[in-house]
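J.: Mind folding the following:
(4 chains)
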Protein chains: 2
Amino acid sequence: MKYITIKDIAKELNVAVSTVSRAFNDKYDIKPETRDRILKKAGEMGYRPNPIARKLVQQRSFNIGIIIPEFENSFFPQVIMGAQEILYQHNYQVLIMQSNESVDLEIQNAKTLVDNMVDGLIISLSGVGDNLSYYKVLTEKKMPLVFFNRVPENIETSNVVFDDYKWAFFATEHLIHQGFKDILFISGANELILSKNRRRGYDDAHKKHRIPIGKKITCGFSMQDGAQIAKNLITENTIPRAILAANDACAIGMIRVFKDSGFKIPEDIAIVGFSETKMAAHISPTLTSVEQPTYEIGKAAAQLLLEQLQNKGIHIPQTIVLNGRLNVRESSMKV
Amino acid sequence: MKYITIKDIAKELNVAVSTVSRAFNDKYDIKPETRDRILKKAGEMGYRPNPIARKLVQQRSFNIGIIIPEFENSFFPQVIMGAQEILYQHNYQVLIMQSNESVDLEIQNAKTLVDNMVDGLIISLSGVGDNLSYYKVLTEKKMPLVFFNRVPENIETSNVVFDDYKWAFFATEHLIHQGFKDILFISGANELILSKNRRRGYDDAHKKHRIPIGKKITCGFSMQDGAQIAKNLITENTIPRAILAANDACAIGMIRVFKDSGFKIPEDIAIVGFSETKMAAHISPTLTSVEQPTYEIGKAAAQLLLEQLQNKGIHIPQTIVLNGRLNVRESSMKV
DNA sequence: AAAATTTCCGAAAACGTTTTCGGAAACGTT
DNA sequence: AACGTTTCCGAAAACGTTTTCGGAAATTTT
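T.: Numbering: from 1, shown residues only, chains lettered A, B, ... in the order given. Predicted coordinates for the structure are as follows:
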């Protein structure tokens, strides 16, 4: 690929490269007339500024990196769309990388993006490990950082989270109201704050209604993970009356296994998902699920990042807690 | 952010920057001993090469751009994972951009990636318009390009496609075998080759079985698009006995509307999806769908791109046609 | 009309690398 | 011991921009 450069234009018009540069950046020491002449010529020649060179000299890129654990569920893509909307408005480009639920790959992704001089990073953790110490280094170096959904503890930076405590509480209470007492709790990875918060919500709902707290199992966020847990439950013959699942994918995986084994949902086992996906309203039975405002999460994260980018010096870490709602459907109804 | 550079290391060790550079690139005119000394020091200082600077001088980036129309359906994410697997093995990083089904945004994305000196581009079209002429320019400039799934006509470059003709034929034939004669065909945007191929497959299946060819409707690839079409059919009272949908999302959107209006699937209306999503096996009724080898599509696209990158000079456009299969489930069964 | 100010632009350095060229030092050959 | 090779490394140019500095030209002020 042969790229047309500022030099080509300069030569063509017999001006200095600095003048051409000025024409594009519209700093105010160029005669409007020459600016137009240059812009016109540049247009004719099909010139496009080289962002690589610009990054090198300006030490900034107008790029924002977004790192997500996976994008097979529509949750993260939707968050990204929200973030993009805001960032595009402020002339930032968005580079997306996915870590495939691997902490190592996540670190690698983060480093790649930093090497490429992104101006800031929006991250959802794939897990908890070495990555945190790297993020600490980054915050010390004043790299603007915003976490969302799966956020770290003990790092002084901005977060966008869902009120997992509250909605786990409500979801559990909903099941209790339906008359179910033996409720199994399926949580995501234990180190994640969101898991801890949901656990508290689950526990507190039991306490409020004076019901002995049920069993808890740790599980991943995929359909396969859910299916595996369901199989285990069946072989161990420890099937609960109701289940609060880690997310919709997990719930759906469980439902399939249960149905295949002849159990009826919700007659034999009631189930509630989390982070409502599009599937929830379409599967059979329709799935009760806690809905998260995905788009808003992305927007909020982008806005927090923009704030950090604007007040370069001082940055007061903020945590935005977003609200959700419980969509009650067939899968959790008393019969 | 303060970055540690090659100069810092050079100063620290009293060597020239070129020597440090050599240590990293392991061109063979450096003494192993000094190389190790430099590498050790660099490690201690936490140095990481700046890819921006490298890109500028080498005029290549070891980055590959992938442009997709959307990523709410898991189809494109899966393709990306396949491509990533291959590209990572060859030390390429992957930059993902999504066009939100907009041709304009797609062009913008492509230009951004080109400006950022990606070494090649893997693209699925959001539509057909000005983008094609830009891609023609790119091929003339020898930018390695591979299209997949939604590919352009009349551009001399490599493609990875699904055998849409064959599988639309089989899907239609399946419906005919079930005894349905009045089969509605829902196609994606008309300009897309895949739509044309599927149309031919649909037509030929009718011809083979001497059945008059049914009605065709053009539709988008989203759940909403499907829902809208279904509503129209109901108000116009032109409901067919069977439907071959543009994709699973579209099919699911239709099914919901039909069910809400009291129709039974498949008793009243049979339906077949396309590009099997994870939902197909979990919705009610389970959805018959043509399964595409998403992961393989990504891998194949990556491999075609690597070939172009390796034989820089000559490039013989190739088209890889991948095979699929029809997963027959409840939604298309005769009762 | 001279002086002071402003407007505009060119030259050159800088960003962090790679790469080419040449030369010093070390080695091998006669 | 003189020469030819090879090994290793430093100096400097290059990539395409932005930015600083200074100065010429144009304009305003006296």
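J.: low-scoring pLDDT stretches of chain A, where are they?
T.: Scanning chain A for pLDDT under 70 picks out A:312-313.
J.: Now do the buried residues in the host helix or strand of residue A:159.
T.: Here residue A:159 is covered by strand A:158-162, with elements defined by DSSP states H and E. Residues of strand A:158-162 classed as buried by neighbour count (16 or more other C-beta atoms under 10 Å in any protein chain shown): A:158-162. For every residue, glycine as well, the C-beta is placed using N, CA and C.
J.: now stretch A:79-93
T.: For stretch A:79-93, by 16+ other C-beta under 10 Å, it's A:79-84, A:86-87, A:92-93.
J.: Out of the residues you listed, which sit inside strands?
T.: Mapping the buried residues of stretch A:79-93 onto strands (DSSP state E) picks out residue A:93.
J.: and of the buried residues of stretch A:79-93, the nearest to DNA strand C?
T.: residue A:93 (19.5 Å; C-beta to the nearest atom of the strand).
J.: That closest one touches residue A:64, doesn't it?
T.: Yes. The pair residue A:93 and residue A:64 passes the contact test of C-beta atoms under 8 Å, sitting 7.2 Å apart.
J.: tell me, what's touching the two both at once?
T.: Common contact partners of residue A:93 and residue A:64 (C-beta atoms under 8 Å, 6 or more residues apart in numbering or on different chains): residue A:87.
J.: which stretches of the stretch 101-250 of chain A form strands?
T.: Under the criterion DSSP state E, counting those that start in this stretch, the stretch 101-250 of chain A contains strands at A:120-123, A:145-148, A:158-162, A:183-187, A:216-218, A:242-244.
J.: Between these, which one is closest to DNA strand C.
T.: Short answer: strand A:120-123, nearest of the strands of the stretch 101-250 of chain A by C-beta to the nearest atom of the strand, at 18.6 Å.
J.: ok, that closest one: who's next to it in the sheet?
T.: strand A:63-68 (parallel), strand A:145-148 (parallel) (DSSP bridges).
J.: so how far is residue B:49 from the residue of the stretch 101-250 of chain A found nearest DNA strand C?
T.: Of the residues in the stretch 101-250 of chain A, the one nearest DNA strand C is residue A:115, at a distance of 8.7 Å by C-beta to the nearest atom of the strand. Note on residue A:115: its distance to residue B:49, by C-beta to C-beta, to the nearest Å, is 7 Å.
J.: Check residue A:37 too.
T.: 40 Å.
J.: follow-up on the earlier one: what lies in contact with the strand holding residue A:159?
T.: A:145-149, A:151, A:193-194, A:292, A:297, A:300-301, A:304-305, A:307-308, A:315, A:317-322, A:324.
J.: ok, now which residue in chain A is the farthest from the centroid?
T.: Distance from the C-alpha centroid of chain A peaks at residue A:14, with 50.4 Å (C-alpha atoms, centre = their mean).
J.: wait, what's in contact with it?
T.: Contacts of residue A:14 by C-beta under 8 Å, 6+ apart: none found.
J.: From DNA strand C, how far out is it?
T.: From residue A:14 across to DNA strand C, the span is 7 Å (C-beta to the nearest atom of the strand, to the nearest Å).
J.: could you dump the strands of the stretch 101-250 of chain A to TSV with distance to DNA strand C?
T.: What follows is those, written out as TSV (distance: least, C-beta to the nearest atom of the strand, whole Å):
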stretch	distance to DNA strand C
strand A:120-123	19
strand A:145-148	21
strand A:158-162	27
strand A:183-187	43
strand A:216-218	42
strand A:242-244	50
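J.: Out of those strands, which one sits most buried?
T.: Of all these, strand A:242-244 carries the top mean neighbour count, a mean of 29, counting by mean count of other C-beta atoms under 10 Å in any protein chain shown.
J.: Would you mind giving the domain segments of chain A?
T.: Annotated domains of chain A cover A:6-49, A:59-162+A:294-322, A:164-292+A:326-332 [automatic domain parsing].
J.: closest one to DNA strand D among those?
T.: domain A:6-49 (3.0 Å).
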